[in-house]
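In: Predicted model and sequence below, questions to follow.
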Amino acid sequence: MKTEILTVGTEILLGQIIDSNSSYIAQELLANGIDLYGVSTVGDNLYRIVDAIRYSLSKCDALIVTGGLGPTQDDITRNAVAMVMGVDLVENKYLKDLISKFFADRNRPMPENNLLQAMVPEGAEFIEQKLGTAPGLICPVGNKVIYCLPGVPYEMKEMLNRSVIPDILGKAQLTKHMKFVTVATWGLSESRVAELLSDEFNRLESMQKEGREYIPSIAFLANISTGIKIRVSLSGEDEIKVNEILRDEVDRVASVLGESVFSTDSETLEQVIHRICTEKSITIGLVESLTGGMIASRIVDVPGASKYFKGSIVAYDTEIKRSILKIQASEVVSEAAVIEMAKSGLELLTCDICLSISGVGGPEKQEGKDPGTVYIGLAADTAKFSKVNLNPVELKLYGSRDTIRQMATTSALDLLRRRLTHF
């Protein structure tokens, strides 16, 4: 069953907000073995939306539309869909009562505009809203179907997984099982990953030439702040065989890439650190300069971080480093400085291991060092962590100030992950 995604919203078209919805929907379609043929965006103009819907339907069996279901004058997706279907909008009493109850339960007056959300194209089904007021829609157009979902991400995700994906699967009656696993890495360039995996690509290509079945495919996804991800995917009718061959291929890829691999089950770096610290009862602390709290922010994004994360000291100014942390090193962007910073943090935060970071974000040099010069230090109870390498590292990063800080944050988390792995 061929599917397409259409996002509605001038703010998306103009780049004022990022379209995260399409990315999420695409991943869910892939995970369920549903073919995605295209993704497009259109602004809040009735006739352009109508044209965009008709063009997408000319190429696919099912179209998922997000956005334009709200209560304001520019929320016109339902009007456009009704025009494509060739029907009128009709008020649904159940939805009207549901929306009224939403406001009554919160002791809030209901603006009359919200009743626009109770209007449904004649012949369409509605998807009940569980988290807000905008219902979704399932709209038949001949032998094809349009699914309309809210643009609010958490509302869209709930409806997609509860109603849309099951409905597509029911209509498609898929016999093949599509599976994929993401191998996440940090510290290697995309070209280096490709070089290391060249023999594996050659092996898979030879299998294709021999006409074998169940041949995995490998694709790269590069991100400046999260690293190189390798998606290994496979489809076939025998689900058990698909799972076995896929896992074998993932193990091959991970073996070649070695310690740069931090996850093969969708864990982020901070989630890996969470797991290690929880399993081994390790407490950690941070002393941040260049990153200004960005490392701590990622760590506390994981629920339960309070069990092992003591805190972060953000010592951005040189005088603060000297007065609070008692740094004696002549240069605060140096190996000597991050060693002292980590040791002070270890004492002040009373943790098992402390990571520190200092560097030059730019745009100007500092202490004669170029932007992108970064030092990361570690300190710990050497008796308890006798097998852990506590030597500081120096990095040379490139890009804008924001890019340098993001890469430094991930590099610091990855260094901590690698060191803790050997504890």
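Out: In hand now; what should we look at?

In: List the pairing partners of whichever strand or helix holds Ser358 within its sheet, with orientation.
Out: According to DSSP states H and E, Ser358 maps onto strand 353-359. The partner list of strand 353-359 in its sheet, established with DSSP bridges, is strand 284-288 (parallel), strand 373-380 (antiparallel).

In: Tell me the gap between the longest one and the middle of its chain.
Out: Between the centre of strand 373-380 and the centre of its chain there are 27 Å (Cα atoms, centre = their mean, to the nearest Å).

In: got a list of contacts for that strand?
Out: For strand 373-380, contacts defined as Cβ atoms under 8 Å, 6 or more residues apart in numbering pick out 290, 333-335, 337-339, 341-343, 345-346, 352-360, 388, 390-397, 404, 408, 411-412, 415-416, 419. Yep, even glycine has a C-beta here, placed from its N, CA and C like the rest.

In: Likewise for stretch 57-66?
Out: Outside stretch 57-66, the residues that reach it (Cβ under 8 Å, 6+ apart) are 1-8, 21-22, 25, 37-38, 53, 56, 77, 81, 84, 141, 143-151, 156, 160, 164, 168, 171.

In: Now list the buried members of these.
Out: 1, 3-8, 21-22, 25, 53, 56, 77, 81, 84, 141, 144-151, 156, 160, 164, 168 (16 or more other Cβ atoms under 10 Å).

In: what's the helix or strand for Cys148?
Out: Taking DSSP H and E as the criterion, Cys148 maps to strand 144-149.

In: what helices or strands is that strand leaning on?
Out: Under the contact criterion of 3 or more Cβ pairs under 8 Å, 6 or more residues apart in numbering; DSSP states H and E, strand 144-149 touches helix 46-57, strand 62-66, helix 77-85, strand 136-141, helix 153-159, helix 165-172.

In: Now do the last one against strand 144-149, angle only.
Out: With axes from the mean of the first three to the mean of the last three Cα atoms, to 10 degrees defining the directions, helix 165-172 sits at 180 degrees from strand 144-149.

In: immediately after helix 165-172, which helix or strand?
Out: strand 177-185.

In: Tell me which helix or strand comes right after that next one.
Out: Note on strand 177-185: by DSSP H and E, the next helix or strand toward the C-terminus is helix 190-196.

In: Was I right to think Thr421 contacts Glu279?
Out: No - between Thr421 and Glu279 there is no contact under Cβ atoms under 8 Å: 11.2 Å.

In: between these two, who's got more neighbours?
Out: Thr421 (13 against 8; other Cβ atoms under 10 Å).

In: Setting aside sequence neighbours, what's the nearest residue to the more buried one?
Out: Spatial nearest neighbour of Thr421, excluding adjacent residues (Cβ to Cβ, 6 or more residues apart in numbering): Ile276 at 6.8 Å.

In: give me the element Ala219 is part of.
Out: Per DSSP H and E: strand 217-223 holds Ala219.

In: Now do the buried residues in that strand.
Out: Ile218.

In: for stretch 26-33, same thing?
Out: Ala26, Glu28, Leu29, Leu30, Asn32, Gly33.

In: got the contact list for that stretch?
Out: 3, 5, 35-36, 39, 160-161, 165, 168-169, 174, 176-178, 180, 233, 235.

In: could you flag which of those residues are buried?
Out: Buried among the contacts of stretch 26-33 by 16+ other Cβ under 10 Å: 3, 5, 35-36, 39, 160, 165, 168, 174, 177-178, 180, 233, 235.

In: which of these sit farthest apart?
Out: Largest separation among the buried ones among the contacts of stretch 26-33 by Cβ to Cβ: Val39 and His177, giving 23.8 Å.

In: From Arg231, how far off is Phe180?
Out: Counting by Cβ to Cβ, to the nearest Å, the separation of Phe180 from Arg231 is 6 Å.

In: Check what pLDDT the nearest residue to Ser330 once chain neighbours are set aside gets.
Out: The spatially closest residue to Ser330, leaving aside those adjacent along the chain, is Ala336, at 7.9 Å (Cβ to Cβ, 6+ apart). Here the pLDDT value assigned to Ala336 is 98.

In: Work out for me the element Ala336 sits within.
Out: helix 335-349.

In: Buried ones in that helix, by neighbour count?
Out: By 16+ other Cβ under 10 Å, the buried positions in helix 335-349 come out as 335-346, 348-349.

In: For stretch 164-180, measure first residue to last.
Out: 21 Å (Cα to Cα, to the nearest Å).

In: likewise stretch 298-311?
Out: Note: stretch 298-311 ends 12 Å apart using Cα to Cα.

In: now that stretch: mean pLDDT?
Out: Mean predicted lDDT for stretch 298-311 stands at 97.

In: Any buried residues in it, and which?
Out: Of all the residues in stretch 298-311, those buried under the rule 16+ other Cβ under 10 Å are Arg298, Ile299, Val300, Val302, Ala305, Tyr308, Phe309, Lys310, Gly311.

In: and Gln16, how many neighbours does it have?
Out: Gln16, neighbours per other Cβ under 10 Å, totals 9.

In: swap that for Ala184, sorry
Out: Ala184: 22 surrounding residues under other Cβ under 10 Å.

In: And for the residue nearest to it when sequence neighbours are not counted, the neighbour number?
Out: Excluding the flanking residues, the one nearest Ala184 by Cβ to Cβ, 6+ apart is Ser263, at 4.3 Å. Close neighbours of Ser263, defined as other Cβ under 10 Å, add up to 20.

In: OK, contacts around Ser263?
Out: Neighbouring residues of Ser263 by Cβ under 8 Å, 6+ apart: Thr182, Val183, Ala184, Leu269, Gln271, Val272.

In: rewinding a little: out of the strands paired with strand 353-359, flag the one nearest Leu131.
Out: Each of these has some distance to Leu131 by Cβ to Cβ; the shortest is strand 284-288, at 34.8 Å.

In: Fine, thanks again, bye for now.
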